[in-house]
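S.K.: the following comprises the amino acid sequence and a computationally predicted model.
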Amino acid sequence: MKLKIQPAVVLWIVPLTGHFVVAVKIGMRHPDPVVETSSLSSVNPPDVWYRLSIPEEVIDRGCLSALQLEAITYAAQQHETFLPNGDRAAYLIGDGAGVGKGRTIAGIIYENYLLGRKRSLWFSVSNDLKYDAERDLRDIGAKNIQVHSLNKFKYGKISSKHNGSVKKGVIFATYSSLIGESQSGGKYKTRFEQLLHWCGEDFDGVIVYDECHKAKNVCPIGSSKPTKTGLAVLELQNKLPKARVVYASATGASEPRNMAYMNRLGIWGHKTPFREFGNFIQAVERRGVGAMEIVAMDMKLRGMYIARQLSFTGVTFKIEEVPLTQQYIKMYNKSVRLWVSAREKFQQAANLMEAEQRMKKSMWGQFWSAHQRFFKYLCIASKVRRVVQLAREEVQNGKCVVIGLQSTGEARTLEALEEGGGELNDFVSTAKGVLQSLIEKHFPAPDRQKLYSLLGIDLSAKKTPSPNDTAAEPEQKGKKRKGSEVKKQPKKKPRKHGGLSGTSSEESQSDESDKDSGKDCDSDDSFKSISSADEDDDFNPFRDESDDDEEDDPWLIRKEPKKGKEKKKKKRRKSIDPDSIQSALLASGLGSTRPAFTASVIAPSTPATESQDSCLTSQDAVEHAQKMKRDLLEQLEKLAEDLPPNTLDELIDELGGPDNVAEMTGRKGRVVSNDDGSITYESRSELDVPVEILNLTEKQRFMDGEKNISIISEAASSGISLQADRRVKNQRRRVHMTLELPWSADRAIQQFGRTHRSNQVTAPEYVFLISELAGEQRFASIVAKRLESLGALTHGDRRATETRDLSRFNFDNKYGRNALEIVMKSIVKLDAPLVSPPSDFKGDFFKEIQSGLIGVGLINVEDRSGTLSLDKDYNNMGKFLNRILGMEVQQQNALFQYFSDTLAAVIQEAKKNGRYDMGILDLGSGDEKVKKVDCRKFLTPGYTTSGHVELYTVSVERGMSWEEATHAWAEQNGSDDGFYVQMRNNKKTAILVKEVNTKKRLFLVYRPNTGRQLKLETYADIKKKFKKVLSEDAKQHWTDQYQSSAKICSHAFWRGNCKKASVGLQCEVGLRCRTYYVLCGSVLSVWNELEEVLTPVSGTNVKVQIVRLRTEDGQRIVGLIIPANCVSPLINKLSTSHQCQQLAVQEQQKRQQLHPQSLSHAPNT
């Protein structure tokens, strides 16, 4: 299915160049069409009174486009106002990629430089962006403004001699450098103090927070503490109240929580409706995404926000669902069975070894994260063939292809190389590597080798060590002391960049555990970002799998063995002493019968016989656990023949090898197949190209048309431009395919922004490949959720991203969680099911799904009684979707179908009760007719005197008259299209249907009272309730309902009475003509009054409904719907604040007559 931007959207999208330049009548137009979202374009920013000082010739040469000049003007103008608490107001630039934020910022710095404010600070994410900053300043003709890197300065005064006496210019710094401090001490021993001293007390220059979403997490979410960086960003603003602050970021604040550091916007604080940031967050999150859009509109109205993005016109999207082959399904199901048995064995062995609680926790953390990675690799592998096929077709059609991957699987390749001693006979299977390293490193069976070496016993005569056994901590005589000491050390070490489940304790920094923690350069970077909850994203599918307690390396504490000690050990042969085995087990955290948290020590005086028994059991247990481990590895070897190879290597091989494919990833080497069919591992670096600039060289080859296919991974995706640029040789249209959607939408946007940028010849095509596996849709669902909220905040409108139609896969919301709860409870018979199980499922649905869910640990079976209980996190969406990947294909699809049906039922129910949060209601863009009946205007309090709100009364008419119906019918040609009649309560009603999807037999339905229906009906449903008639038979029933629905709701029409109407309330179900009250304008400033009126009527948690209207005379209105029974109390409240504000305005006008210069900001005063 191809998704083009629907015309309904285009109606609302306003090309900015035309719409804005009214405000700023200078500059040339931007090279590409730029849009802003409909809700933002419906409000106008304040009038411009500021005159720019930037020289005419810069503007005439077109160095800054009209769009950029507009942002500079508004920023400068906003910087002339002060907030009620005396701080200077800040400006927020939310422009998307390709609008040229860099030049806009350079322009703001230049403007202030010309006015004598010659010191500026520019914060960004990485030091490399300093060169971009210099380039931007140079491009706009400000080459005399020097840019200095903060990290190049010595600690001490920046203006002092040993720092080159820097007195003016721009200091460029990264957010992380803000918290740097020197070890030697001294007066200016921190970067923060250096900057403060350089700026001086009354600093009124510019501070730019570029990519400011990186300073997020200032606001503690739940138990997490605010980050140091975030606090430093806030502190700097507090210390320099007169500074001219600019916040800039394309992904803005993807969640309102990340706005905590924007305290200069004046949305919360002194003399605003919200005293603290916390109050603002509560209000917004309680009222749903609608409230966030109001915030964005309000900020634009007050002249402190601008958000435009490159138009997505011409970009096509398609979601390609990849069917699975029988062979693949067989292999998948085999893997599932292997994992289920692995889970049982892990559990048995852990019980046999009587492992401590903490050990178990760490083990399960590793287990489930490996489980997820394994199946993720399988998911991706199912799409390789289709991608190769599509890529070849596109290249033949004269386009070029960009394939986006998240991870390269390099760590597994290196492990396999190590095992094979540098030789490979086939491509490495990443999936196999994941499970193999899990079993080898984390299976709860202490290796004989390690155990005896712990005791200093030499077994070299009996058994040769296997290559992946790292000899463990050499511990003499099995004394418990040392083992327990080692454990205590890393206690409560903060996890720097939590690996997969936090195994990054100091002790375990051996190579293997490092690889396993997903910390290798690029291989699993998608996980890296997730586990560092702090860093990139707040959705963390593993956070619930293993909490952030201190976790040491499981089963044995590993340290690189010291060679000398090993030799000594070999000389000392010993007889095996049962006591020492037991104590060694204890030392390594196994075999402790007591729970880890009790501090009582086992009495030393145990009779000898007892200790021998326990020793035997422990020895048998060890033997038994080791056997299980060997069995698992054997099973894995059998399965390995069918497991898919490393995706990246296979792709490159299938698409013609490294000579045809430009690879931009973070890995150092690759596996290639040679002409003679042999397989070798080679380094990616080339003779004349250093590794550092390898990706840039590859990019150049792609842009020059030497290679028509490129593969980019996460590591390469930030900052590389691959669009069909007018300045490069390769101008073929780009087709951007994603095999795995990134975890977070910030990243998805980052990746899509590689191929869709300014100055391109053609817009790219996006192809999302989603396999039929149920859990696969979940990757899409997360991105969809984040895109939705990104759209909402960055560009003030959730629907900004609606053409990227992934929202049908969006279940991670409260309806999804509610549905999941019902599903899980109905499977363990705690609750009645809402819907019947999928009809095409062969076998006993509930029974099979039950055993499947036990296999993935979402349902626990009590050992003795056999009763079923749900896992503590059973209604965690991310965990559910992660885990069901580990069920057999037929089961997971059936379960997912059942979940989707339940979700649909839950949403249906919410809509019936009027509790559904629909986002934005659009009226007047389709078949409705919208008339403006009345409009009242009120002034509002706030630091801008021109702030006001308007209350509109509008009437909306929907429905379809008989004439329109016959017109629509005349164009239909399907055999089942036409009029149908239904009999209910002795009344007949007619509908008109039209077939739109012949494969699934879906029909579009028109009704006389409500016009075209959104929901498509299946033929079976229509046949159940209606029978087909000729048009003249339907005419009477059609016109009856059409006429009565002008005044009477559906209930009254069918039943003769309506419960709501009889109590005197208004019921609008099925009404053709409806009245809406819409509040527009600076709604935030009257938020408290609004809450006071709404809460008694609708409760505190009802979502605010935003509506977008287009009246018949073309006027656009965007605002909040006010329920009819709240209108008169609201008018009373607004009138009182209106009168107060009028007095304030008169006062101000008097003052201005006395001091006229306070407002004229001519550049030469």
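M.R.: Cool, the structure landed. Being a predicted model, the structure only gives us computed values, none of them experimental.
S.K.: so what strands line up beside the host helix or strand of F768?
M.R.: Element membership for F768, per DSSP states H and E: strand 765-771. Using DSSP bridges, the strands paired with strand 765-771 are strand 316-322 (parallel), strand 734-738 (parallel).
S.K.: and those, which one is worst for confidence?
M.R.: Across these, strand 316-322 has the smallest mean pLDDT, namely a mean of 72.
S.K.: what angle do the next helix or strand along the chain from that strand and strand 765-771 make?
M.R.: Remark: after strand 316-322, the chain's next helix or strand is helix 326-352, criterion DSSP H and E. Relative orientation of helix 326-352 versus strand 765-771 (axes from the mean of the first three to the mean of the last three Cα atoms, to 10 degrees): 60 degrees.
S.K.: how far away from the center of its chain is helix 326-352?
M.R.: Chain-centre distance of helix 326-352: 31 Å, with Cα atoms, centre = their mean, to the nearest Å.
S.K.: ok, now stretch 1012-1030?
M.R.: The answer for stretch 1012-1030 is 39 Å, by Cα atoms, centre = their mean.
S.K.: what is the rounded mean pLDDT of it?
M.R.: 83.
S.K.: please enumerate residues in contact with that stretch?
M.R.: Here stretch 1012-1030 makes contact (Cβ atoms under 8 Å, 6 or more residues apart in numbering) with 926-927, 960, 976, 978-982, 990-991, 993, 995-997, 1000-1007. Heads up, the C-betas are built off the backbone N, CA and C, glycines and all.
S.K.: can you pull the buried residues of it?
M.R.: For stretch 1012-1030, the neighbour count (16 or more other Cβ atoms under 10 Å) marks L1016, E1017, I1022, F1026, V1029 as buried.
S.K.: cool, stretch 725-741 as well?
M.R.: 725, 728, 730-741.
S.K.: which residue ranges form the helices in the stretch 51-200 of the chain?
M.R.: Applying DSSP state H, counting those that start in this stretch to the stretch 51-200 of the chain gives helices spanning 56-60, 66-78, 101-114, 129-139, 191-199.
S.K.: let's have these in TSV, adding mean pLDDT.
M.R.: Below are the helices of the stretch 51-200 of the chain laid out as TSV (pLDDT from 0 to 100):
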stretch	mean pLDDT
helix 56-60	89
helix 66-78	93
helix 101-114	94
helix 129-139	86
helix 191-199	91
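S.K.: for L632, find the nearest of the ones you listed.
M.R.: Proximity to L632, assessed across those by Cβ to Cβ, is greatest for helix 129-139 (48.3 Å).
S.K.: pull the distance from that closest one to the chain's centre.
M.R.: 30 Å.
S.K.: which strands or helices does that helix pack on?
M.R.: Counting contacts by 3 or more Cβ pairs under 8 Å, 6 or more residues apart in numbering; DSSP states H and E, helix 129-139 packs against helix 101-114, strand 119-124, strand 147-149, strand 169-174.
S.K.: which helices and strands does the last one pack with?
M.R.: Read that as strand 169-174. Helices and strands touching strand 169-174, by 3+ Cβ pairs under 8 Å, 6+ apart, are strand 119-124, helix 129-139, strand 147-149, helix 191-199.
S.K.: pull the distance from the last one to the chain's centre.
M.R.: A distance of 35 Å separates the C-alpha centroid of helix 191-199 from that of its chain, computed with Cα atoms, centre = their mean.
S.K.: and it, which residues are buried?
M.R.: Within helix 191-199, the residues that qualify as buried are R191, F192, Q194, L195, L196, H197, W198, C199, counting by 16+ other Cβ under 10 Å.
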